[in-house]
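Q: one predicted model, sequence on top.
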Amino acid sequence: MRKMNKKLFGIAGGILFAASIFQPIQAQAAAETVAEATVTAGRSVDINDSTGFVVLSDVVPDIIQEVRYFSTYNFVGDRINGYHEPCVLMSREAAQALKAVSDELKEKGYRLKVYDAYRPQEAVDNFVAWAENLKDARMKTYFYPQVDKTRLFADGYIDAKSGHSRGSAIDLTLFDMKTGKEVDMGGTFDHFGLESHPDWCGDPETGKYTGKYKGNAVPKEGKITEKQFANRMMLRDVMLRHGFNPLDTEWWHFFLKNEPYPDMYFNFPVEKLNK
């Protein structure tokens with residue numbers, strides 16, 4: 001059970017005490033309900049409650065969406081559990097911060113292209129089940145050509161929990177309005193490999209291109225160019241400037257610095273919200 005404030009604990013404790021005397025079965029149900037909740041910013045939050053979330057396109061109408069896990073073009077090769085509709089959800093706070101990112105980029109002739117944001121826990125469970133099935137390598141050529149599937153957990157590509165399930169993480173890239181194409185980042189979304197790291201061929205802290213990379217083996221994709229590294233840094237810089245933090249293994253992944261649900265892993269489906 002996660003840490004609760006004294007007031008909530010007192011209420012929950014009273015429920016469990018009364019139920020233990022009169023109705024043991026209801027006591028167990030009450031305990032399970034409390035176990036699914038936490039207290040965030042003075043309010044009780046349930047993992048199946050989407051109250052604090054918004055449809056991202058309602059807040060940021062300028063985004064371009066390609067919801068990869070609603071389709072079969074992803075590293076699994078199937079539509080992922082929990083993606084009921086091709087929409088993108090985020091916490092209200094993260095969506096508002098992304099609106100500032102979008103507004104700045106639009107003035108420079110770019111738009112954000114989003115692949116994924118909120119991801120229900122059942123989708124993460126889907127990833128785990130797929131990773132454990134070593135016989136299924138349908139999408140290896142496209143997403144993990146040089147990574148042995150037996151290494152997906154050990155190397156951190158798959159985990160039982162994801163920051164996406166907290167509702168304030170997002171996977172995205174840049175779209176150039178002049179060319180009508182995605183900006184060349186020197187790699188694709190969800191590519192498993194060192195080439196996807198922000199420090200691939202450069203220093204993300206200084207923004208300087210070096211052409212160097214860690215490790216002795218040369219990945220199939222090889223080096224990225226100075227321009228491709230600069231494109232990655234352009235996305236990174238504007239995201240950091242508006243309150244997002246980067247991930248050190250994926251150039252496309254960012255999460256809100258002051259995320260509203262830092263200890264939650266929500267499990268409601270990805271679909272239009274009825275509010």
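A: Looks like it arrived, so ask away.

Q: do you know how far the closest residue to D49 other than its chain neighbours is from S162?
A: Distances taken as C-beta to C-beta, 6 or more residues apart in numbering put F268 closest to D49, at 7.1 Å, once the chain neighbours are dropped. Backbone N, C-alpha and C define where each C-beta goes, glycine included. Distance of F268 to S162, given as C-beta to C-beta, to the nearest Å: 15 Å.

Q: would you enumerate the residues in contact with N267?
A: 47-48, 82, 120-122, 165 (C-beta atoms under 8 Å, 6 or more residues apart in numbering).

Q: what is the nearest of these to L89?
A: P120 (9.3 Å; C-beta to C-beta).

Q: ok, now which ones touch the residue nearest to the closest one when sequence neighbours are not counted?
A: Spatial nearest neighbour of P120, excluding adjacent residues (C-beta to C-beta, 6+ apart): G82 at 3.8 Å. For G82, the contacting residues are 119-123, 126, 267, 269-270, by C-beta under 8 Å, 6+ apart.

Q: then T141?
A: T141 neighbours (C-beta under 8 Å, 6+ apart): none.

Q: sec struct for it, please.
A: With DSSP: H, G, I helix; E, B strand; the rest coil as the basis, T141 sits in helix.

Q: pLDDT wise, what is it at?
A: If you check T141, the pLDDT there is 95.

Q: what does V39 give?
A: On the pLDDT scale, V39 gets 50.

Q: and the residue lying closest to I224 once chain neighbours are set aside, its phi and psi?
A: Of all residues not flanking I224 in the chain, G186 sits nearest, at 3.2 Å (C-beta to C-beta, 6+ apart). G186 has phi and psi values of phi 70, psi 20 when expressed as degrees, to the nearest 10.

Q: count the residues that sit near G186.
A: 19 (other C-beta atoms under 10 Å).

Q: show me the contacts for it.
A: Counting by C-beta under 8 Å, 6+ apart, G186 has contacts 195, 200, 221, 224-225, 228-229, 231-232.

Q: excluding its backbone neighbours, what's nearest the spatially most central residue of the chain?
A: Central residue of the chain (C-alpha atoms, centre = their mean): H164, 3.2 Å from the mean position. Of all residues not flanking H164 in the chain, R119 sits nearest, at 3.6 Å (C-beta to C-beta, 6+ apart).

Q: ok, now which ones touch that neighbour?
A: Shown in contact with R119 (C-beta under 8 Å, 6+ apart): 69, 82, 162, 164-165, 270.

Q: and those residues, which is closest to L112?
A: Looking at the contacts of R119 and their distance to L112, the nearest is H164, at 16.5 Å (C-beta to C-beta).

Q: in the stretch 101-250 of the chain, which spans are strands?
A: Under the criterion DSSP state E, counting those that start in this stretch, strands of the stretch 101-250 of the chain are mapped to 110-116, 169-176, 181-182, 202-203, 208-209, 244-247, 250-256.

Q: is it possible to get TSV of the ones you listed that adds mean pLDDT?
A: Shown next, in TSV, are those (pLDDT from 0 to 100):
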stretch	mean pLDDT
strand 110-116	98
strand 169-176	98
strand 181-182	98
strand 202-203	96
strand 208-209	96
strand 244-247	98
strand 250-256	98
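
Q: okay, the ones you listed, which one's buried deepest?
A: Comparing the strands of the stretch 101-250 of the chain by mean neighbour count (mean count of other C-beta atoms under 10 Å), strand 250-256 ranks first with a mean of 24.

Q: partner strands of that strand, with direction?
A: Strand 250-256 has the following sheet partners, assigned by DSSP bridges: strand 169-176 (antiparallel), strand 244-247 (antiparallel).

Q: nearest to G156, out of those strands?
A: Between the strands paired with strand 250-256, strand 244-247 lies closest to G156; by C-beta to C-beta that is 10.5 Å.
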